[in-house]
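Peer 1: dropping the sequence and predicted coords here.
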Amino acid sequence: MAPPSFSLAGKSALITGGTRGIGRAIAEAYAAAGARVVVVSRKQESVDATVQAIEASGGEAAGFAVNVGRMDDAGAVVGNAAAIFGRLDILVNNAAVNPVYGPVEHTSVEAFDKIMAVNLRAPFELAKAARPLFAARGGGAVINIASIGALSPEAHLGIYSVSKAALLSLTRVLAAEWGKDRIRVNAICPGLIQTDFSAALWNQEAALKHTLATQALPHFGQPQDVAGTALLLASDAGAFITGSVMTVDGGYIG
């Protein structure tokens, strides 16, 4: 019997925060698997550079600038992404912020609202906007990039961890409600992945030493390590997976 297909040929994906780190690695992996990818990020120059890099590697890509924390109309974002390649099959909610590193009581109301707007409300609004498009096509995939902090709150990342825990709950709610329309909703919880976003962790000697000593695999993860799991969840290889929370953490959670 032939193995499940990891091909994304003929499909189109929208990836938020798709110009660097984990988001860019997912965009590149999807394009290599045959998908046409739409990347969005806050800066148009970053979008353009990512699109050009994917095209130079033989993939199909497009994109536009948007701040998902300040969306006036998620429907317009999803609609624009779908219009570029004539369809939308996959939504990856990867964009995230964490403007506070320190004790939770140091988190201001403004910082709290910003974290929740980007890390939770944006995935909710974008998924709602994508749902009718997916349902009309007979199915689709939503992949939410969370964090191991959602499962085991990390020191100095309090409200960020809260936002990601809520994202896991949202993932399970949407999976339960939308399965009848063959829409699969899953979450990935990365551990210590070496990106600019996580620099506050791997640049802190004490935090780094603790994490590497706790992990089963005593080294950093790379964005490509998360992209492989995201490819599984987007492709036919993951056709019977929904409502799941997958850790990509080198065995940190255990």
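Peer 2: Arrived safely.

Peer 1: buried set for the strand or helix carrying Leu167?
Peer 2: According to DSSP states H and E, Leu167 maps onto helix 158-178. Neighbour counts over helix 158-178 (16 or more other C-beta atoms under 10 Å) mark 158-168, 170-172, 174-175, 178 as buried. Every residue, glycine included, has its C-beta placed from N, CA and C.

Peer 1: same check, this time on stretch 37-44
Peer 2: Applying 16+ other C-beta under 10 Å to stretch 37-44 flags Val37, Val38, Val39, Val40, Ser41 as buried.

Peer 1: so how far is that stretch from its chain's centroid?
Peer 2: Offset of stretch 37-44 from its chain centre (C-alpha atoms, centre = their mean, to the nearest Å): 13 Å.

Peer 1: got a list of contacts for it?
Peer 2: With contact meaning C-beta atoms under 8 Å, 6 or more residues apart in numbering, stretch 37-44 is reached by 12-20, 23-24, 27, 30-31, 47, 50-51, 54, 59-68, 77, 81, 84-85, 95.

Peer 1: OK, contacts around Thr247?
Peer 2: Ile148, Leu151, Ile188, Cys189, Gly191, Ile253.

Peer 1: what subset of these is buried?
Peer 2: Judged by 16+ other C-beta under 10 Å, buried ones among these: Ile148, Leu151, Ile188, Cys189, Gly191.

Peer 1: take the contacts of stretch 37-44 and keep only those in strands.
Peer 2: Residues from the contacts of stretch 37-44 lying in strands, with DSSP state E as the criterion: Ser12, Ala13, Leu14, Ile15, Thr16, Glu60, Ala61, Ala62, Gly63, Phe64, Ala65.

Peer 1: now list the buried members of these.
Peer 2: Buried among the ones in strands among the contacts of stretch 37-44 by 16+ other C-beta under 10 Å: Ser12, Ala13, Leu14, Ile15, Thr16, Glu60, Ala61, Ala62, Gly63, Phe64.

Peer 1: could I get those residues as a markdown table with pLDDT?
Peer 2: Below are these laid out as a markdown table (pLDDT from 0 to 100):
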| residue | pLDDT |
| --- | --- |
| Ser12 | 98 |
| Ala13 | 98 |
| Leu14 | 98 |
| Ile15 | 98 |
| Thr16 | 98 |
| Glu60 | 98 |
| Ala61 | 98 |
| Ala62 | 98 |
| Gly63 | 98 |
| Phe64 | 97 |
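
Peer 1: what's the closest of the buried residues of stretch 37-44 to Thr214?
Peer 2: The nearest member of those to Thr214, counting by C-beta to C-beta, is Ser41 at 32.0 Å.

Peer 1: perfect, I'm done here.
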